[in-house]
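Colleague: got a sequence here, can you build the structure:
(one chain, ligands or ions: 1)
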Amino acid sequence: MPTLKYRRVLLKLSGEALAGETKTGIAPETVAAICGEIGMVLDMGVAMAIVIGGGNIFRGLSASTKGMERSSADYMGMLATVLNALAVQDMLEKQGHPTRVLSAITMQEVCEPFVRRRALRHLEKGRVVICAAGTGNPYFTTDTTAALRGMELKCEAIIKATKVDGIYDRDPATHSDAVKFDSISYDDTLFRRLGVMDATAFALVRDNNMPIIVCRMFGGDIRRAVLGEKVGTVVHDR
Ligand code: UDP
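Modeller: Model (predicted):
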C-alpha cells in the first residue's frame with residue numbers, strides 16, 4: 001500500500017460533476033467516470049465521506065431571484081442533492097464499494113438519517129458515507145455542508161474536485177495569463193477574493209484550520225492529492 005498523506009477525507013463534488021455536456025441532470029456515464037476516480041482512492045484504503053451539490057438539478061438562490069420563496073427553493077435544492085447522492089451510491093456499489101447515504105432531512109425509505117456517530121462507524125467499517133440534503137437548513141450551501149461534515153467526521157482534509165486544476169489569481173477561462181497557486185493561505189485567499197468557497201464555509205474551515213485541496217475531478221488528481229503529491233492548490237494556514 002502507498003503511504004497516504006490523508007487517511008480520511010471529505011470529497012466535495014458540485015452537482016454539475018454528475019451532469020454531461022448540457023450541465024444539467026445526471027449523466028450515468030459521467031457518474032461512472034467520477035466513481036472510477038473515487039474508486040482509485042478507496043482502493044488505497046482511504047476513508048471517505050462525500051458531499052454532493054445539487055446545482056445540476058436545482059439551485060435555491062437562483063429560483064428565489066425569480067420570485068420563489070427562498071426557503072422553499074432551498075428545500076428543493078436540498079432534495080436535489082439527495083437525487084445526486086443516490087446516483088453516486090448506485091454507481092459506487094456497482095463498482096464494488098460499500099456505501100451509505102445519510103441525509104440531513106429524514107427520508108427513512110430511501111436512506112439513513114445523518115447521525116454523526118453512525119457516520120463515524122460507517123467510515124471505520126470501510127463504507128463510503130455520502131452526506132445528502134446539505135445541512136438540512138435553508139440559506140446554506142453544500143460547501144458549508146462539506147466544511148461542517150468534514151470537521152464532524154474528523155476528516156484530515158476537504159478535497160474540492162472541480163473542472164479546473166486548482167486556484168488561479170484570475171479566471172483561467174477568460175484570462176490566458178492567469179497564474180495557478182500551488183498553495184495559498186486562508187488569509188491570502190480572502191484578501192485576493194478568490195472565492196474558493198462561500199464565506200460561511202470558508203470561515204468554518206479557516207477557524208478550524210482544515211486544509212482544502214482544490215483539484216481536477218479526473219485524471220487521477222484526487223488520488224494524487226490523498227498521497228500528498230503536488231497537485232491542484234492547497235489552502236492552509238501558512
Ligand atoms: N442547500 C441548502 N442548504 C444546505 C445545502 C444546500 O438550502 O445546507 C440548497 C441551496 O438551495 C443550494 C442547493 O441546495 O442552492 C444545491 O446546493 P449547492 O448550490 O451548494 O450545489 P452545487 O453548487 O455544489 O452543485
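Colleague: mind jotting down where the helices sit in this structure?
Modeller: 28-42, 60-65, 70-94, 116-124, 142-152, 186-191, 199-207, 221-227 (DSSP state H).
Colleague: just name the most buried of these.
Modeller: helix 142-152 (a mean of 25; mean count of other C-beta atoms under 10 Å). In this view, the C-beta of every residue, glycine as well, is placed from N, C-alpha and C.
Colleague: CA atoms only: put that one into PDB for me.
Modeller: Provided in PDB are the C-alpha atoms of helix 142-152 (Å, rounded to 0.1, in the frame of the first residue of the first chain):
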ATOM      1  CA  THR A 142     -23.200  22.300   0.100                       C
ATOM      2  CA  ASP A 143     -19.800  24.000   0.500                       C
ATOM      3  CA  THR A 144     -20.800  24.800   4.100                       C
ATOM      4  CA  THR A 145     -22.100  21.200   4.400                       C
ATOM      5  CA  ALA A 146     -18.600  20.000   3.300                       C
ATOM      6  CA  ALA A 147     -16.900  22.100   5.900                       C
ATOM      7  CA  LEU A 148     -19.300  21.000   8.600                       C
ATOM      8  CA  ARG A 149     -19.300  17.300   7.900                       C
ATOM      9  CA  GLY A 150     -15.500  17.400   7.200                       C
ATOM     10  CA  MET A 151     -15.000  18.600  10.800                       C
ATOM     11  CA  GLU A 152     -17.700  16.500  12.400                       C
END
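Colleague: run the chain-centre distance for that helix.
Modeller: In terms of C-alpha atoms, centre = their mean, to the nearest Å, the centre of helix 142-152 is found 9 Å from the chain centre.
Colleague: pLDDT on stretch 7-21, on average?
Modeller: On average, the pLDDT along stretch 7-21 is 94.
Colleague: list the buried residues in it.
Modeller: 8, 9, 10, 11, 12, 13, 14, 15, 16, 17, 18, 19 (16 or more other C-beta atoms under 10 Å).
Colleague: now do stretch 171-190
Modeller: 172, 181, 183, 184, 186, 189.
Colleague: what residues does the protein put near the ligand?
Modeller: Residues of the chain lying close to the ligand (C-beta under 6 Å from any ligand atom) are 14-16, 53-55, 59-61, 73-74, 77-78, 80-81, 134-135, 137-138, 140-145.
Colleague: follow-up on the earlier one: pick out the most distant pair among the buried residues of stretch 171-190.
Modeller: 172 and 186 (21.4 Å; C-beta to C-beta).
Colleague: coming back round to it: what is the nearest of the buried residues of stretch 171-190 to the ligand?
Modeller: residue 189 (18.2 Å; C-beta to the nearest ligand atom).
Colleague: who wins for proximity to residue 100 among the helices of the chain?
Modeller: helix 116-124 (4.9 Å).
Colleague: send the alpha carbons of the closest one over as CSV?
Modeller: This file holds the C-alpha atoms of helix 116-124, laid out as CSV (Å, rounded to 0.1, in the frame of the first residue of the first chain):
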residue,chain,number,x,y,z
ARG,A,116,-22.7,11.7,13.4
ARG,A,117,-21.8,8.6,15.5
ARG,A,118,-23.4,6.4,12.9
ALA,A,119,-21.5,8.1,10.1
LEU,A,120,-18.2,7.6,12.0
ARG,A,121,-18.9,4.0,12.5
HIS,A,122,-19.6,3.5,8.8
LEU,A,123,-16.3,5.1,8.0
GLU,A,124,-14.5,2.9,10.4
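Colleague: compute the inter-axis angle for that helix and helix 142-152.
Modeller: Using axes from the mean of the first three to the mean of the last three C-alpha atoms, to 10 degrees, the inter-axis angle of helix 116-124 relative to helix 142-152 is 80 degrees.
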